[in-house]
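>>> based on what follows, work out the 3D shape:
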Amino acid sequence: MGVSVCDISAGMTALNAILQALLKRERTGEGSSIQVSLFDAIADWMNVPVLQFDYGGYHNIRTGVNHPSLAPYGAYRCADAKDIIFSVQNDREWINFCTKFLKRPELIRSPEFADNMKRLRNRSSLDEIVVARFAQISSHEAMGELEAAELAYGRLNQIEDVTHHCHLRRVAVSTPTGEIHLIAPAPIFDEENAPELGPVPGQGAHSEALRSEFGPQRR
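Numbers count the residues shown, from 1 in each chain. Next comes the predicted model:
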C-alpha cells in the first residue's frame with residue numbers, strides 16, 4: 001500500500017474506542033480513560049498469523065500478495081504483461097478453477113492438490129501450472145474466464161491506474177495556489193457522493209486567532 005499503516009491503525013482503533021466510551025457514558029453515566037499505542041494497534045491486526053504460529057505451528061514468511069493459508073492465491077502475469085490477482089478459497093472454487101480456467105479437470109483429485117492443505121504444501125508446483133496458464137492469455141481474457149468460474153479476482157493496479165480509476169470519487173478543495181481534487185472520504189452519508197470540504201488555509205492564516213486564544217494575556 002505504501003501508507004503509514006501503524007499510524008492509521010492506531011487512529012482507527014482510537015476512534016472506535018472513543019465511540020465505545022461515548023456509548024458507555026450514554027448507558028451508564030461513567031466516563032473512560034483510553035490509551036492506544038502504535039504497537040498495540042498494529043499487533044491486534046496480526047492476530048491471525050500469531051495464532052497460526054502459537055497454536056498451529058505454522059510459520060508465516062513474507063509472501064507478497066500471496067495468502068499464507070490459501071492456495072492458489074496471488075498475482076499472476078498475463079500475456080499482455082498485466083497482473084491479475086485471484087484466489088481459490090474452497091473446494092467448490094477449486095473445481096471451477098480446474099475445469100473452467102485451467103481446463104485441466106484431472107487436477108481436481110490430484111494427490112498433490114486434492115484439498116487446500118495439500119495445495120499449500122505443494123504451492124510451488126501448483127504455481128508453475130497457474131503461471132503457465134496466465135502467460136497464455138491476456139488480462140482481459142483472464143478476467144473473463146475467472147468471472148465465468150465465479151472466482152474473486154482483480155487487477156493489480158499501479159498508482160497511475162488508481163488515479164484514473166472509474167470508481168474513484170474526488171472532492172474539490174481550494175488552496176492558496178488553486179483548486180486541487182482530493183480522493184473523497186470513504187463514508188457516503190445520505191447518498192451524498194462527495195462532501196463539501198473547506199479550503200486549505202494559507203501560511204499564517206490563523207496566526208492571529210491562535211495568538212489571541214493561546215498567547216500571553218494582554219494587559
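
>>> show me the contact partners of the least confident helix or strand in the chain by mean pLDDT.
Within the chain, confidence by mean pLDDT, DSSP states H and E is lowest for helix 47-56 among all helices and strands, at a mean of 88. Under the criterion Cβ atoms under 8 Å, 6 or more residues apart in numbering, residues 43, 58-60, 68-69 lie in contact with helix 47-56. Where C-beta positions appear, they are placed from N, C-alpha and C, glycine not excepted.

>>> which SSE is immediately downstream of it?
strand 73-77 (DSSP states H and E).

>>> partner strands of whichever helix or strand comes after that following strand, parallel or antiparallel?
Per DSSP H and E, the first helix or strand lying C-terminal to strand 73-77 is strand 83-87. Paired neighbours of strand 83-87 in the sheet (DSSP bridges): strand 73-77 (antiparallel), strand 152-155 (antiparallel).

>>> how far out from the middle of the chain is the shortest one?
Pointing back at strand 152-155 there. 13 Å (Cα atoms, centre = their mean, to the nearest Å).

>>> helices and strands around the helix or strand following it, which ones?
Sequence order places helix 159-163 as the next helix or strand after strand 152-155, per DSSP H and E. Applying 3 or more Cβ pairs under 8 Å, 6 or more residues apart in numbering; DSSP states H and E, we find helix 159-163 packed against no helix or strand.

>>> any weak-confidence spans in this protein?
1-2, 218-219 (pLDDT under 70).

>>> now do Phe101: how many residues are near it, please.
If you count neighbours by other Cβ atoms under 10 Å, Phe101 ends up with 21.

>>> dump the residue contacts of it.
133, 145-146, 149, 151.

>>> highest neighbour count among these?
Of those, with other Cβ under 10 Å as the count, Leu146 tops at 21 neighbours.

>>> would you map out the domains in this structure?
Following automatic domain parsing, one gets these domains for the chain: 5-45, 73-161, 169-201.

>>> dump the ones you listed to CSV, plus distance to Gly215.
Shown next, in CSV, are the domains of the chain (distance: least, Cβ to Cβ, whole Å):
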stretch, distance to Gly215
domain 5-45, 29
domain 73-161, 43
domain 169-201, 18
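
>>> I'd guessed Ile95 sits against Ile108; true?
Yes - assessed by Cβ atoms under 8 Å, Ile95 is found in contact with Ile108 at 5.5 Å.

>>> ok so Val171 is a strand residue?
Yes - counting by DSSP: H, G, I helix; E, B strand; the rest coil, Val171 is part of a strand.

>>> thanks again, I'm all set now.
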